[in-house]
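>>> Any chance you can model this:
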Amino acid sequence: MNNLLAIFMCLIFAIVSQLLSKHIGGSYMLYALFIGIVLSSILYNEKTKQGVDYTGKKILRIGVALLGVRITFNEMSVLGVDVLFALILSIFATISFGVIVARLMGLDSRTGTISGGAVAICGASAAIAISSIFPHSKKIEQQTLFVIVAVNILSTIAMLLYPLIIKYMEYNSLQAGVFLGGAIHDVAQVVGASLSISEEVGDIATITKLFRVAMLLPVVFLLSIIITLMVKNKSQDSEIHAQAPFPMFLIVFILLVGFNSFDLLLFELPIINWQLNSTLAFISKILLTMSVFALGLKTSFKDVMNIGSKYILLVILETIFITILVLLITTYIVV
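Numbering: from 1, shown residues only. The predicted structure is shown next:
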């Protein structure tokens, strides 16, 4: 019973975060995270621990799986094969850059993987999806917490700054859309920045961003294989102590992409008159917000203060790196 109450509590605060975002602006992910941190000493205890942990692990995977309803294969064709291939390279290059720079800065490779994946793919959603395939530890939770905060802040800055870059570079609508969709971390900020220019730029930017979201599937799948091999080879990292879970949620993800691509989710639900794909996308948004709130509950202000300047610098460098790559793609490949 306590587990159900804890999960319901996470649901309530996820809805509150969504309402705050809708009425006063800002990122609902950040609202959920900060509310969780503020209330952690009150709401996270022995009675709620199991339900909160379940929300932070199992429910987030369901939320990530349901992201597949936002994507179709046909939408990607408008960008062209050259642009899609270049975007794929930029994603893997950014993750690799994150791992290398993290190690050079004295941080572990998991920090670089989680932050690099969040910057390269889709912000907070990618951070929690990638962190979920690592064997559980308190350190992983703290690293994920930082990444969520950092990418949301940097995405907001990019939303305001990048349209100015587009104006300076004199990009056409296709170039502007690819740049914004390829360089900004979170979907909400991509939409905000692109629609401030035009609806055409907004459509292209959204398609570009959703292609990056679709790359969550191969990235997490490859990482899960790598982690499993590390476990089998008895890595020297003492925190890797359990078999890495097979990402079953990725199978659901790709199935939903396929169903959505063939319009199999375009039928209306009775009574509420919502299309199934729109309903599942809304549910995904709520579930991911619940999991971020749960992460906040498991974190104290002391944990936040101990993050350190190295982590901040790492995400800034990753952001600059992918921005330069996408600028090159936009300038020399997109026509």
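>>> end to end, how far does stretch 61-72 reach?
20 Å (CA to CA, to the nearest Å).
>>> Other residues contacting it?
Identification of contacts with stretch 61-72 by CB atoms under 8 Å, 6 or more residues apart in numbering yields 122, 125, 128-129, 132, 210-211, 213-214, 216, 247-250, 252-257, 259-261, 265, 277, 280-281, 283-288, 290-291. Where you see a C-beta, it was placed from the backbone N, CA and C, and this is true even at glycine.
>>> Now intersect those residues with the helices, please.
Among the contacts of stretch 61-72, the members found in helices (DSSP state H) are 125, 128-129, 210-211, 213-214, 216, 248-250, 252-257, 259-261, 277, 280-281, 283-288, 290-291.
>>> Flag the shaky bits of the stretch 201-335 of the chain, pLDDT-wise.
For the stretch 201-335 of the chain, applying pLDDT under 70 flags the ranges 231-247, 250, 265-274, 300-308.
>>> which residues touch the most centrally placed residue in the chain?
Per CA atoms, centre = their mean, the C-alpha nearest to the average position across the chain is that of Ser125, at 2.5 Å. Shown here is Ser125, whose contacts under the criterion CB under 8 Å, 6+ apart are 63-64, 67, 213, 216, 288.
>>> Over to Leu327?
Contacts of Leu327 (CB under 8 Å, 6+ apart): 165, 169, 179, 183.
>>> Then Ala188?
27, 155.
>>> Could you pull out the buried residues of the helix or strand where it lies?
Under the criterion of DSSP states H and E, Ala188 resides in helix 187-195. Neighbour-count burial for helix 187-195 flags 187-194 (criterion: 16 or more other CB atoms under 10 Å).
>>> just for the stretch 51-200 of the chain, where's the confidence low?
Using pLDDT under 70, the stretch 51-200 of the chain drops low at 71, 75.
>>> Please enumerate the strands of it.
With DSSP state E, counting those that start in this stretch as the criterion, the stretch 51-200 of the chain has no strands.
>>> Where do the helices of it begin and end?
60-65, 73-76, 81-104, 109-117, 124-131, 138-169, 173-183, 187-195, 199-214 (DSSP state H, counting those that start in this stretch).
>>> so what does the third one touch, helix or strand wise?
Using 3 or more CB pairs under 8 Å, 6 or more residues apart in numbering; DSSP states H and E as the contact criterion, the elements in contact with helix 81-104 are helix 109-117, helix 173-183, helix 199-214, helix 216-232, helix 309-332.
>>> hey, C-alpha coordinates of the first one in CSV?
This means helix 109-117. Presented in CSV, the C-alpha positions along helix 109-117 are these (Å, rounded to 0.1, in the frame of the first residue of the first chain):
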residue,chain,number,x,y,z
SER,A,109,33.7,7.5,-18.0
ARG,A,110,30.1,7.1,-16.8
THR,A,111,29.9,10.8,-16.2
GLY,A,112,31.0,11.5,-19.7
THR,A,113,28.7,8.9,-21.2
ILE,A,114,25.5,10.2,-19.4
SER,A,115,26.3,13.9,-20.0
GLY,A,116,27.5,13.3,-23.6
GLY,A,117,24.4,11.3,-24.4
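>>> which other helices and strands contact it?
Checked by 3+ CB pairs under 8 Å, 6+ apart, helix 109-117 has helix 81-104, helix 124-131, helix 138-169, helix 216-232, helix 309-332 packed alongside it.
>>> what comes up buried for the first one?
What it means is helix 81-104. Buried-residue list, helix 81-104, by 16+ other CB under 10 Å: 83, 86-87, 90-91, 94-95, 97-99, 101-102.
>>> For Leu317, state which of those residues is nearest.
Val101 (5.7 Å; CB to CB).
>>> how many other residues sit next to Leu229?
Using other CB atoms under 10 Å, Leu229 has 11 other residues around it.
>>> how close does the nearest residue to Val187 once chain neighbours are set aside sit to Ala120?
Using CB to CB, 6 or more residues apart in numbering and skipping the chain neighbours, the partner closest in space to Val187 is Lys209 (5.5 Å). To Ala120, Lys209 is 12 Å away according to CB to CB, to the nearest Å.
>>> among the helices and strands packed on helix 109-117, which is nearest Asn2?
helix 138-169 (21.1 Å).
>>> Quick one: list the elements packing against the closest one.
Against helix 138-169 (3+ CB pairs under 8 Å, 6+ apart) you get helix 28-43, helix 109-117, helix 124-131, helix 173-183, helix 187-195, helix 276-297, helix 301-305, helix 309-332.
>>> Identify each buried residue in that helix, please.
Buried residues in helix 138-169 (16+ other CB under 10 Å): 140-152, 154-156, 158-159, 162-163, 165-166.
>>> now the helix holding Ala188 against helix 173-183, angle please.
160 degrees (axes from the mean of the first three to the mean of the last three CA atoms, to 10 degrees).
>>> Give me the angle between helix 187-195 and helix 276-297.
120 degrees.
>>> so how far is helix 187-195 off the chain centroid?
Computed by CA atoms, centre = their mean, to the nearest Å, the separation of helix 187-195 from the middle of its chain amounts to 15 Å.
>>> quick one, it and helix 28-43 angle?
Using the same axes, to 10 degrees: helix 187-195 against helix 28-43 is 150 degrees.
>>> No further queries at this time; thank you.
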